[in-house]
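Peer 1: For reference, the sequence and a predicted model appear below.
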Amino acid sequence: MTSIINGKEIGQEIRKSVEEQVTQLKNQGVTPGLAVILVGDNPASQTYVRNKQKSCEAIGIFSELIKLPEEVTEEELLEQIKILNDRHDIHGILVQLPLPKHINEDQVIATISPEKDVDGFSPVSVGKMMLGQETYLPCTPFGVIKLLEYSGIEIAGKHAVVVGRSHIVGKPMGQLLLQKDATVTYTHSKTPDLPSITKQADILIAAVGRPNFITKEHVKPGAVVIDVGINRDENNKLTGDVNFAEVEQVASHITPVPGGVGPMTITMLLYNTVQSAQKQLSQDKYQENM
Ligand SMILES: Nc1nc(=O)c2c([nH]1)NC[C@@H]1CN(c3ccc(C(=O)N[C@@H](CCC(=O)O)C(=O)O)cc3)C=[N+]21
């Protein structure tokens with residue numbers, strides 16, 4: 001029997017405990033705050049951002065949306081980030097990606113204060129993650145680790161194969177699995193004979209960005225298959241990177257799209273934001289006692 005991993009349910013469970021932490025913070029006079037910067041009016045980005053705001057509000061996190069026009073200059077965007085870096089009521093800053101082409105994404109991300117980088121995308125956060133130091137972990141790979149753990153799937157000693165090497169999913173995903181003592185193989189668009197490698201995976205992570213790319217020919221019977229894909233078809237319907245109907249027949253565990261990794265990404269964003277508020281509170285207390 002194939003087990004379908006329910007990301008919505010696991011996400012809800014984690015959100016409950018995050019909500020309790022929000023209540024405790026509020027009792028101490030702190031409301032966690034997340035600022036989201038949205039540039040332009042890409043419909044998909046607008047949906048995601050709305051989703052993030054609703055999720056914040058549902059558990060008592062203050063969320064502020066800063067909408068900037070498509071033509072905004074990089075300088076103006078950096079200025080906005082610096083204002084948010086200095087604001088005491090904002091604990092997390094998220095700049096919705098992708099950004100318009102005239103803006104240097106690396107520069108923008110590097111300007112977010114590492115203390116408020118709840119996406120875990122900044123060079124400081126990425127460096128700390130690589131070194132296994134305490135930091136904000138990128139929400140999607142972090143959410144995948146939580147999905148595996150909540151589903152009782154052992155990671156240590158397993159062969160994990162990651163398909164895709166993006167900065168925000170593939171690369172950090174492999175790194176986090178490695179930290180959990182998996183043996184990790186990275187594959188990507190230039191990998192020859194992909195199925196011969198993915199077929200060796202005990203845990204297969206699909207983060208390619210191509211609908212239904214992973215078929216049953218890629219999967220070893222009994223493997224755990226995690227679908228990070230969020231592709232939209234011409235009718236705006238969401239499809240993963242995994243051919244679910246096919247792969248469901250061979251996998252031991254599989255995540256659906258929607259309802260798999262997506263809700264976990266937002267859950268870990270809430271989690272990171274609350275962590276940031278807790279850290280700021282304990283620093284403020286420390287300074288009061290100096
Ligand atoms: N700075 C930044 N941080 C991000 O974390 C970030 C980003 N930019 N740009 C875009 C991607 C995409 N992303 C998703 C989050 C949640 C769902 C999600 O909740 N999906 C639901 C369905 C939502 C729907 O139906 O539209 C699900 O899979 O069940 C999807 C995608 C975060 N991203």
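Peer 2: Arrived safely, thanks for sending. Numbers count the residues shown, from 1 in each chain.

Peer 1: contacts and neighbour counts: CA atoms only from here.
Peer 2: Will do.

Peer 1: Quick one: name the residues of the stretch 101-250 of the chain near the ligand.
Peer 2: Within the stretch 101-250 of the chain, the positions adjacent to the ligand are Asp119 by C-alpha under 6 Å from any ligand atom.

Peer 1: mind running it again at 8 Å?
Peer 2: Residues of the stretch 101-250 of the chain lying close to the ligand (C-alpha under 8 Å from any ligand atom) are Asp119, Phe121, Pro138, Cys139, Thr140, Ile230, Lys237, Leu238.

Peer 1: Please indicate which of those residues are buried?
Peer 2: With neighbours counted by 16 or more other C-alpha atoms under 10 Å, these contain buried members at Asp119, Phe121, Pro138, Cys139, Thr140, Ile230.

Peer 1: In these, find the pair that's most separated.
Peer 2: Largest separation among these by C-alpha to C-alpha: Phe121 and Ile230, giving 19.2 Å.

Peer 1: And the pLDDT for the closest residue to Asp202 other than its chain neighbours?
Peer 2: Among residues not flanking Asp202 along the chain, Ala223 sits closest, at 4.8 Å (C-alpha to C-alpha, 6 or more residues apart in numbering). For Ala223, the pLDDT comes out at 98.

Peer 1: if I look at Ala223, how far off is Leu177?
Peer 2: Going from Ala223 to Leu177 by C-alpha to C-alpha, to the nearest Å gives 15 Å.

Peer 1: Equivalent analysis for His88, please.
Peer 2: Remark: distance between His88 and Leu177 (C-alpha to C-alpha) = 34 Å.

Peer 1: the more surrounded of those two?
Peer 2: Each of His88 and Leu177 has its neighbours counted (other C-alpha atoms under 10 Å); Leu177 has more, 24 against 10.

Peer 1: Just the element for the more buried one, please.
Peer 2: For Leu177, the host element (DSSP states H and E) is helix 170-179.

Peer 1: mean confidence score for that helix?
Peer 2: In this model, helix 170-179 carries a mean pLDDT of 98.

Peer 1: what do you get for stretch 1-9?
Peer 2: The model assigns stretch 1-9 a mean pLDDT of 96.

Peer 1: can you pull the contacts of Thr198?
Peer 2: Thr198 sits next to Val161, Leu204, His218, Val219, Lys220 when contact means C-alpha atoms under 8 Å, 6 or more residues apart in numbering.

Peer 1: try Gln280
Peer 2: Shown in contact with Gln280 (C-alpha under 8 Å, 6+ apart): His91.

Peer 1: How about stretch 5-19, which residues are buried there?
Peer 2: Ile5, Asn6, Gly7, Lys8, Ile10, Gly11, Ile14, Arg15, Val18, Glu19.

Peer 1: C-alpha coordinates for that stretch, CSV please?
Peer 2: Taking Å, rounded to 0.1, in the frame of the first residue of the first chain, the C-alpha atoms of stretch 5-19 are listed here in CSV:
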residue,chain,number,x,y,z
ILE,A,5,2.0,12.1,2.6
ASN,A,6,-0.4,14.8,3.7
GLY,A,7,1.5,18.0,3.8
LYS,A,8,-1.6,20.0,4.6
GLU,A,9,-2.2,18.0,7.7
ILE,A,10,1.4,17.9,8.9
GLY,A,11,1.7,21.6,8.2
GLN,A,12,-1.4,22.2,10.3
GLU,A,13,0.1,20.3,13.2
ILE,A,14,3.3,22.3,13.1
ARG,A,15,1.3,25.5,12.8
LYS,A,16,-0.6,24.7,16.0
SER,A,17,2.7,24.7,17.9
VAL,A,18,3.9,27.8,16.1
GLU,A,19,0.6,29.5,17.1
